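Novice: Below are the sequence and a predicted model for it; my questions follow.
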Amino acid sequence: MLRISSAALAATLIVLPQAAFAAELDGATLSPLWALPFAGILLSIALFPLLAPHTWEHHQGKIAALWGLLVLVPMAAILGPSTALQALVHTALLEYIPFILLLLALFTVAGGVLVRGNLHGSPGTNTMLLAIGAALASFIGTTGASMVMIRPVLRANDDRKHNVHVVVFFIFLVSNIGGSLTPLGDPPLFLGFLRGVDFFWTTTHLLPETLFVSAILLALFFAVDTVIYRKEGHIKPDPTPDNPVRVTGGINFLLIFIIITAILMSATTDLGRVTVLGSEIELANALRDAIMVGVTIISLKATPKANRAENGFSWGPIQEVAKLFAGIFIAIIPVLAMLKAGPNGAFAPLVALVTNPDGTANNAAYFWLSGGLSSFLDNAPTYLVFFELAGGNPQALMTTGALTLAAVSAGSVFMGANSYIGNAPNFMVYAIAREKGVKMPSFFGYLLWSGGILVPTFLLATLLFFRA
């Protein structure tokens with residue numbers, strides 16, 4: 001068995017979605033075999049939790065490291081250690097660390113917000129709670145909004161005989177679709193921001209799609225919940241009687257504002273730059289990252305420990321994300337290089353799938369292919385794949401390619417709701433709901449829900465927004 005010390009593992013894992021470009025790999029010369037580690041780690045993430053959950057729980061970091069090493073070691077051997085080191089330093093400083101620090105800050109801040117009290121889970125109240133959660137998701141992240149809202153929603157409905165549908169629609173709206181309007185909402189969009197997409201670009205360009213899909217789902221939920229509510233008749237005794245709702249940990253809302261301000265500052269302010277081991281670092285970005293660390297520390301110090309205890313807060317999820325994303329981003333290096341090569345690379349057939357006969361982008365294909373992969377694989381690397389497939393130039397994609405970038409962004413975020421493993425909060429919500437006694441559907445049972453509700457909704461969205 002592979003044995004790696006914690007220090008060595010940490011050093012190995014501080015890497016790199018974009019190292020292919022720092023190392024200037026020529027994707028046109030790479031064999032498709034270079035993509036096997038990327039496929040391997042994504043399949044590991046999808047299948048291990050279902051087929052070998054005990055092994056996955058205890059060895060996921062080692063498994064991620066192994067797949068990453070299967071890229072890094074050959075890269076160092078073929079291109080030279082200096083090239084591999086340059087790539088490592090470049091992406092550790094410019095991509096991976098900013099990405100993880102934002103997630104850490106949002107995760108910590110959201111964990112300090114506690115909603116006490118209880119409401120009666122009527123159809124109107126439930127619809128309101130789902131709408132609030134979906135709106136929050138774009139400001140504190142889908143993970144943060146899910147953790148803040150799921151317990152109040154479960155308490156509101158713990159006297160209902162049938163409440164599975166409430167949690168399923170919660171996953172649709174709060175854990176996924178609601179996070180589509182800012183880079184804070186979902187990891188793929190923050191990766192786009194790090195690549196040069198303006199902070200408010202998704203707010204303006206995905207607002208119609210998000211409102212349309214959310215309105216359909218909220219209206220459908222209200223109709224379904226109303227029918228079920230009326231048929232239930234006698235409601236069982238409420239284990240958590242109605243009490244006034246109180247939100248504590250208010251300092252964390254101020255900290256969220258600081259996070260947003262820091263990100264906007266980094267995108268609009270030039271404080272100069274320094275070069276570290278061949279990588280140019282903008283001081284405004286370094287200041288932003290330092291602010292994320294400061295926000296995390298302040299939240300931990302200023303929030304009552306009882307808030308985090310009642311929220312079931314633990315560091316496990318963010319530790320898992322840090323390890324798995326590092327492994328994914330290492331393994332994706334040659335894949336991105338081959339995609340950058342376009343029709344001259346190993347993924348020329350994929351380029352053909354998303355290109356119309358006249359050479360223009362097939363935006364419907366971008367939406368469904370990015371979404372289809374995001375349904376079962378992590379949506380952040382999926383976004384990167386199709387971002388590069390669309391040309392990888394943020395200025396072009398935000399203007400002449402705006403519809404294509406919107407299709408990739410919407411597909412990656414929206415369709416993470418199609419399965420339990422499409423987005424990290426999905427399974428967290430599933431686990432909490434089961435712990436509270438909700439008889440959640442199985443993996444394939446959930447697919448019936450998403451197939452019957454989400455797929456038709458996304459087809460309508462395609463016809464309205466992504467046909468051109």
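Specialist: All right, it came through fine. Numbers count the residues shown, from 1 in each chain.

Novice: For stretch 380-391, list the C-alpha coordinates in PDB.
Specialist: C-alpha atoms of stretch 380-391 as PDB (Å, rounded to 0.1, in the frame of the first residue of the first chain):
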ATOM      1  CA  ALA A 380     -15.200  22.600 -11.300                       C
ATOM      2  CA  PRO A 381     -12.900  20.600 -13.500                       C
ATOM      3  CA  THR A 382     -15.700  20.100 -16.000                       C
ATOM      4  CA  TYR A 383     -16.100  23.800 -16.200                       C
ATOM      5  CA  LEU A 384     -12.400  24.200 -16.900                       C
ATOM      6  CA  VAL A 385     -12.500  21.600 -19.600                       C
ATOM      7  CA  PHE A 386     -15.200  23.300 -21.600                       C
ATOM      8  CA  PHE A 387     -13.900  26.800 -20.800                       C
ATOM      9  CA  GLU A 388     -10.700  25.800 -22.600                       C
ATOM     10  CA  LEU A 389     -12.600  23.900 -25.300                       C
ATOM     11  CA  ALA A 390     -14.400  27.200 -26.000                       C
ATOM     12  CA  GLY A 391     -11.100  29.000 -26.600                       C
END
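
Novice: What residues of the helix or strand containing residue 208 count as buried?
Specialist: Residue 208 is part of helix 207-232, with elements assigned from DSSP states H and E. Within helix 207-232, the residues that count as buried by 16 or more other CB atoms under 10 Å are 209-210, 213-214, 216-218, 221-222, 224-225, 228-229. Glycine gets a C-beta too; all of them are placed from N, C-alpha and C.

Novice: What of stretch 116-131?
Specialist: Across stretch 116-131, burial judged by 16+ other CB under 10 Å covers 118-119, 121, 123, 126-127, 129-131.

Novice: go on, stretch 278-285?
Specialist: Applying 16+ other CB under 10 Å to stretch 278-285 flags 279, 281-282, 284-285 as buried.

Novice: Among those, which pair sits farthest apart?
Specialist: Spanning the widest gap among the buried residues of stretch 278-285 are 279 and 284, at 15.4 Å by CB to CB.

Novice: how close does the closest residue to residue 222 other than its chain neighbours sit to residue 103?
Specialist: Nearest non-adjacent residue to residue 222, counting by CB to CB, 6 or more residues apart in numbering: residue 127, 4.7 Å away. To residue 103, residue 127 is 29 Å away according to CB to CB, to the nearest Å.

Novice: give me the low-pLDDT residue ranges for the stretch 51-200 of the chain?
Specialist: Along the stretch 51-200 of the chain, the model assigns pLDDT under 70 to residues 83, 87, 117-118.

Novice: And the helices in it?
Specialist: 53-79, 81-91, 97-111, 123-156, 164-173, 187-194 (DSSP state H, counting those that start in this stretch).

Novice: Just give me the closest of the buried residues of stretch 116-131 to residue 422.
Specialist: For the buried residues of stretch 116-131, the nearest to residue 422 is residue 130 (18.2 Å; CB to CB).

Novice: What's the local residue count around the closest residue to the closest one other than its chain neighbours?
Specialist: Spatial nearest neighbour of residue 130, excluding adjacent residues (CB to CB, 6+ apart): residue 173 at 5.1 Å. Residues within reach of residue 173, counting by other CB atoms under 10 Å, total 25.

Novice: Residue 173 contacts residue 214, correct?
Specialist: Yes: with contact defined as CB atoms under 8 Å, residue 173 counts as touching residue 214 (6.3 Å).

Novice: Can you spell out which helices and strands pack onto the helix or strand containing residue 265?
Specialist: Assigned by DSSP H and E, residue 265 belongs to helix 251-268. Helix 251-268 makes packing contacts with helix 97-111, helix 123-156, helix 283-302 when contacts are defined by 3 or more CB pairs under 8 Å, 6 or more residues apart in numbering; DSSP states H and E.

Novice: Of all pairs in the buried residues of helix 207-232, which one spans the longest distance?
Specialist: Maximum distance among those (CB to CB): 29.8 Å, for 209 and 229.

Novice: Need phi/psi at residue 247.
Specialist: phi -110, psi 120 (degrees, to the nearest 10).

Novice: show me the contacts for it.
Specialist: 113-116 (CB atoms under 8 Å, 6 or more residues apart in numbering).

Novice: For it, list each beta-bridge partner.
Specialist: residue 115 (DSSP bridges).

Novice: Provide the secondary structure category for residue 280.
Specialist: Following DSSP: H, G, I helix; E, B strand; the rest coil, the label given to residue 280 is strand.

Novice: quick one, what contacts residue 129?
Specialist: So residue 129 contacts 119, 149, 152-153, 156 (CB under 8 Å, 6+ apart).

Novice: Make sure residue 336 is actually in contact with residue 385.
Specialist: Yes: using CB under 8 Å, residue 336 is in contact with residue 385, at 7.3 Å.

Novice: Those two: who's more crowded?
Specialist: residue 336 (25 against 22).

Novice: Pull up the gap between that one and residue 137, please.
Specialist: Taking CB to CB, one finds residue 336 at 27 Å from residue 137.

Novice: Residue 326 now?
Specialist: The value you get for residue 326 to residue 137, if CB to CB is used, is 24 Å.

Novice: Over to residue 224?
Specialist: From residue 224 to residue 137 the distance is 21 Å (CB to CB).

Novice: Do I have it right that residue 95 meets residue 329?
Specialist: Yes: using CB under 8 Å, residue 95 is in contact with residue 329, at 7.4 Å.

Novice: Who has more neighbours out of the two?
Specialist: Using other CB under 10 Å as the criterion, residue 95 and residue 329 rank with residue 329 on top: 28 against 20.

Novice: so which helix or strand takes in the more buried one?
Specialist: helix 316-331.

Novice: show me where pLDDT drops low in the stretch 301-450 of the chain?
Specialist: In the stretch 301-450 of the chain (pLDDT under 70), the answer is 377-378, 421.

Novice: for it, what spans make up the helices?
Specialist: 305-310, 316-331, 333-340, 348-353, 363-374, 379-389, 394-398, 402-414, 424-435, 443-465.

Novice: wait, which of those is closest to residue 52?
Specialist: Between the helices of the stretch 301-450 of the chain, helix 443-465 lies closest to residue 52; by CB to CB that is 14.7 Å.

Novice: tell me how far that closest one is from the chain's mean position?
Specialist: Put simply, helix 443-465 sits 19 Å off its chain's centre (CA atoms, centre = their mean, to the nearest Å).

Novice: What about the residue nearest to residue 163 when sequence neighbours are not counted, how many residues nearby?
Specialist: Leaving aside its sequence neighbours, residue 163 sits nearest to residue 157 (CB to CB, 6+ apart; 4.3 Å). By other CB under 10 Å, 28 other residues sit near residue 157.

Novice: re the thing from before, adding pLDDT and distance to residue 467, write the buried residues of helix 207-232 out as a markdown table.
Specialist: Below are those laid out as a markdown table (pLDDT from 0 to 100; distance: CB to CB, whole Å):
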| residue | pLDDT | distance to residue 467 |
| --- | --- | --- |
| 209 | 96 | 13 |
| 210 | 96 | 18 |
| 213 | 97 | 16 |
| 214 | 97 | 21 |
| 216 | 97 | 18 |
| 217 | 97 | 21 |
| 218 | 97 | 25 |
| 221 | 96 | 27 |
| 222 | 96 | 29 |
| 224 | 94 | 29 |
| 225 | 93 | 32 |
| 228 | 91 | 35 |
| 229 | 89 | 38 |
